[in-house]
Structures are given as C-alpha cells and as structure tokens.
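Visitor: Sequence unavailable; structure follows:
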C-alpha cells in the first residue's frame, strides 16, 4: 500500500453521507445527522435519481435542518459516465439550487479518463458560475486521470466492498494533494475492522469516508441507503485523527 497525501501524519477525518434513502422512508436516520457533534463533511440529497420533477416537502425539511446545523448539502447529479446531455445536467442543477438551496453537487458516475476531462471541466465551471462557492465532489469510484483533481473540491476515488478495500492501493499522484481532496466509501465493513478501515483511509490520504456494515448482496441492494448498524461506533472514531 502506497501512502497518500498525509500517510505519516495525524489526519482529520470526516463523514460523507453518500446515498441515504428518501427522508420519508428513513426519517430517523436523517434526524440522526443533525445531532450536534456528528463529524459530517457533506450529505448528498438524492430525491429521485436527482432533484425529482417537483419540490419534495420531506427533502426540503431535511435539507433545511442540515443547513441550519451548518452541514454542507450536495445535490446528486448523475453523469452516467459521460452519456447524459449537458442541458439535462444543468436542468437538474438549477432545480437542486432553486428548490433545495444546495451548497454544491456530487457528480455521480463521473468519467475518469483523460478524453472526458474537457467536458467535465466545462460542467464544473458552469456549476460554479451558478453558485460561486459550489462545493464539487466528482464521484469516479476509482482513481481518475490526475487532471480531474484541478476541477473539483474532492474526488471520490474508492467505492466498493471491504474485501477489495483492505487490499487496495492508492495512485502515487494523490500524494501531491492534501487529504481533504479525497473520499472513500466502503460497504461490508465488519464492526471489528472499523479501525483498520480508518487506518487505510488515513494512510491513503482520504479525509472523508463512509464506512458501512451493509452489503450490496451481490449487486441486488443499495448498501448506502440504510444507516450502518455500527453508526455510533463510527461517529465515536471518526474525526479524532490517528497518527501513523
């Protein structure tokens, strides 16, 4: 395992809430996010594979409570690996901003190759024109071409199961950037391996994590939509920093 941007120092780690179920379906877990002291870097609002077709009162309430608590709320934009029309993406962005007053966007299923970089850069520039201080997370799920790092606040460079994460390696170019530029989301993490997973994230230089014991059951379920069974344990461990 190659050390990332902050492998040998104390790294402050926060939580990125990646894809919770709709607030109407899971009101208690959304309410849990507003508990004072929860180390949240951002929460993604995914109404209906995006902003939906009309303002949703449950999402309005959930987003408002988070914002009132000083939590960054990101709108979900699905780039579909670069296949979605630019106009559709901008339409979704406008709805997220107009209806839910989001603080930025998760650009999910973002392309990772060099060829798609100009179009992603164009979209990022436009989103920041719509909201000057928009916080942008590029949801690659893998290590992209290094050029993407200059077009976002954060890159999601691992998305997958614990069985892969525990043996994963970080791209060497990430060492040129601080830990707050990278995020890892991992499912299927047993309670007894939480500290190990955090050590991997910190060693690889990822400042934002989401670690859940939920699994995708072979691709049949969304492991991110339900709060982890060891949520309290994660909250107590994350944000404290660990020296390697």
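Guide: Arrived safely, thanks for sending. Keep in mind the model is a prediction, meaning the values are calculated, not measured.

Visitor: And stretch 67-76, what's buried?
Guide: Neighbour-count burial for stretch 67-76, counted by 16 or more other CB atoms under 10 Å, picks out 67, 71, 72, 73, 74, 75, 76. Where you see a C-beta, it was placed from the backbone N, CA and C, and this is true even at glycine.

Visitor: which secondary structure element contains the last one?
Guide: Taking DSSP states H and E as the criterion, the element that holds residue 76 is strand 73-78.

Visitor: Would you tell me what the next helix or strand after that strand is?
Guide: Elements were assigned by DSSP H and E; along the chain past strand 73-78, the next helix or strand is helix 86-100.

Visitor: Next, the buried residues of that next one.
Guide: Neighbour counts over helix 86-100 (16+ other CB under 10 Å) mark 89, 92, 93, 95, 96, 97, 99, 100 as buried.

Visitor: Return the longest strand in the protein, judged by number of residues.
Guide: strand 154-161 (DSSP state E).

Visitor: That strand - contacts with which helices or strands?
Guide: strand 135-139, strand 182-187 (3 or more CB pairs under 8 Å, 6 or more residues apart in numbering; DSSP states H and E).

Visitor: mind listing what the longest one pairs with, with the direction of each?
Guide: Which is strand 182-187. With DSSP bridges as the test, strand 182-187 is paired with strand 154-161 (parallel), strand 208-211 (parallel).

Visitor: Not counting residues beside it along the chain, what's closest to residue 69?
Guide: In space, and not counting its chain neighbours, residue 69 is closest to residue 34: 5.1 Å by CB to CB, 6 or more residues apart in numbering.

Visitor: and that neighbour, that one's in a strand?
Guide: No: checked against DSSP: H, G, I helix; E, B strand; the rest coil, residue 34 lies outside a strand; its state is coil.

Visitor: contacting residues for the nearest residue in space to residue 183 that is not next to it in sequence?
Guide: Distance criterion CB to CB, 6+ apart; nearest residue to residue 183, sequence neighbours excluded, is residue 208 at 4.0 Å. The neighbourhood of residue 208, defined by CB atoms under 8 Å, 6 or more residues apart in numbering, consists of 13, 14, 15, 16, 41, 42, 154, 180, 182, 183, 184.

Visitor: follow-up on the earlier one: closest to residue 25 out of the helices and strands packed on strand 154-161?
Guide: Among those, the nearest to residue 25 by CB to CB is strand 182-187 (18.8 Å).
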